[in-house]
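In: below are the sequence and a predicted model; questions follow.
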Amino acid sequence: AQSVTQLGSHVSVSEGALVLLRCNYSSSVPPYLFWYVQYPNQGLQLLLKYTSAATLVKGINGFEAEFKKSETSFHLTKPSAHMSDAAEYFCAVTNVSGNKLVFGAGTILRVKS
Amino acid sequence: DGGITQSPKYLFRKEGQNVTLSCEQNLNHDAMYWYRQDPGQGLRLIYYSQIVNDFQKGDIAEGYSVSREKKESFPLTVTSAQKNPTAFYLCASSYSGVPNYGYTFGSGTRLTVV
């Protein structure tokens, strides 16, 4: 079955530092992968998605992610953290049937001033 | 603008009471989903529907019920059988048969048992 594992339930970075949120996937078929962001008491917003067109995917708010098949990873990065990036981030993969998304447990990003 | 509307934003339920959470979308999406979110547990799928008048149980359907009479609407009822309903509920929608599309989410309903 498809699954994603997000390493680290909490990540803390200083403002201006690199953001790296880790996601590893398990998939029996070529995966479609997604990163979502959730601000407190709000719904999830799509940051970016991998759909096999390019391995380096650029998203909104300066985030990007690289699909690495050999490492089964899809880590999310941002060169310089901003206070407004503090939120919870979810990695997700489409299930084999393609009719559902399977979400990771989430990583809460804290940005220190 | 198109989107998903969840209402109410906050809901309080008394013990033994059924409550219904509304989810409406004007994105012309075929598929709709309900998730429950608890701190530290990510998103857990309650029910989903790929087409009008059809829906399937997700991972934690016990104590919940849904209907899909219209393409735009997918209400969730939290019944008295759900023993621990306090949580944040999220509705989402997408296109059926387009696995690389992703979901569009509503802004959520926070349900509290009083």
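Out: Structure's in. What do you need?
In: name the helices or strands packed onto the lowest-mean-pLDDT helix or strand in chain A?
Out: Within chain A, no helix or strand scores below strand A:101-103, which has a mean of 92 by mean pLDDT, DSSP states H and E. Secondary-structure packing of strand A:101-103 (3 or more C-beta pairs under 8 Å, 6 or more residues apart in numbering or on different chains; DSSP states H and E): strand A:3-7, strand A:87-94. Yep, even glycine has a C-beta here, placed from its N, CA and C like the rest.
In: what residues does chain A have near chain B?
Out: Within chain A, the positions lying close to chain B (C-beta under 8 Å from any C-beta of the partner chain) are A:9, A:32, A:34, A:36, A:41-46, A:49, A:51-52, A:90, A:94, A:98-101, A:103-106.
In: ok, 7 Å please
Out: Within chain A, the positions near chain B by C-beta under 7 Å from any C-beta of the partner chain are A:9, A:32, A:34, A:41-44, A:46, A:49, A:51, A:90, A:94, A:98-101, A:103-106.
In: where exactly do the strands run in chain B?
Out: Listed in chain order, the strands of chain B (DSSP state E) span B:4-7, B:10-13, B:19-25, B:31-37, B:43-51, B:54-57, B:64-66, B:76-78, B:87-94, B:104-105, B:109-113.
In: for chain A, just list every one of the helices.
Out: Under the criterion DSSP state H, chain A carries no helices.
In: how about the strands in it?
Out: Ranges of strands in chain A, per DSSP E, are A:3-7, A:10-14, A:19-26, A:33-38, A:44-50, A:56-58, A:64-68, A:73-78, A:87-94, A:101-103, A:107-112.
In: for B:Tyr48, which of those is the nearest?
Out: Nearest to B:Tyr48 among these is strand A:101-103; the distance by C-beta to C-beta comes to 10.1 Å.
In: buried subset of the residues of chain A next to chain B, written for ChimeraX?
Out: When burial is assessed using 16 or more other C-beta atoms under 10 Å in any protein chain shown, the buried subset of the residues of chain A next to chain B is captured in ChimeraX by this command:
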select /A:32,34,42,43,44,46,49,51,90,94,98,99,100,101,103,104,106
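In: in CSV, list the helices and strands packed on strand A:101-103 along with mean pLDDT.
Out: CSV is the format used below for the helices and strands packed on strand A:101-103 (pLDDT from 0 to 100):
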stretch, mean pLDDT
strand A:3-7, 94
strand A:87-94, 95
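In: give me whichever of those strands is most buried.
Out: strand A:87-94 (a mean of 25; mean count of other C-beta atoms under 10 Å in any protein chain shown).
In: please save the CA atoms from that strand in CSV.
Out: The C-alpha coordinates for strand A:87-94 follow below in CSV (Å, rounded to 0.1, in the frame of the first residue of the first chain):
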residue,chain,number,x,y,z
ALA,A,87,2.8,26.2,10.1
GLU,A,88,2.2,22.4,9.8
TYR,A,89,3.3,20.7,6.6
PHE,A,90,1.9,17.5,5.2
CYS,A,91,3.3,15.2,2.6
ALA,A,92,0.9,13.0,0.6
VAL,A,93,0.9,10.3,-2.0
THR,A,94,-1.8,9.1,-4.3
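In: which helices and strands sit right next to that strand?
Out: Using 3 or more C-beta pairs under 7 Å, 6 or more residues apart in numbering or on different chains; DSSP states H and E as the contact test, the elements touching strand A:87-94 are strand A:3-7, strand A:19-26, strand A:33-38, strand A:101-103, strand A:107-112.
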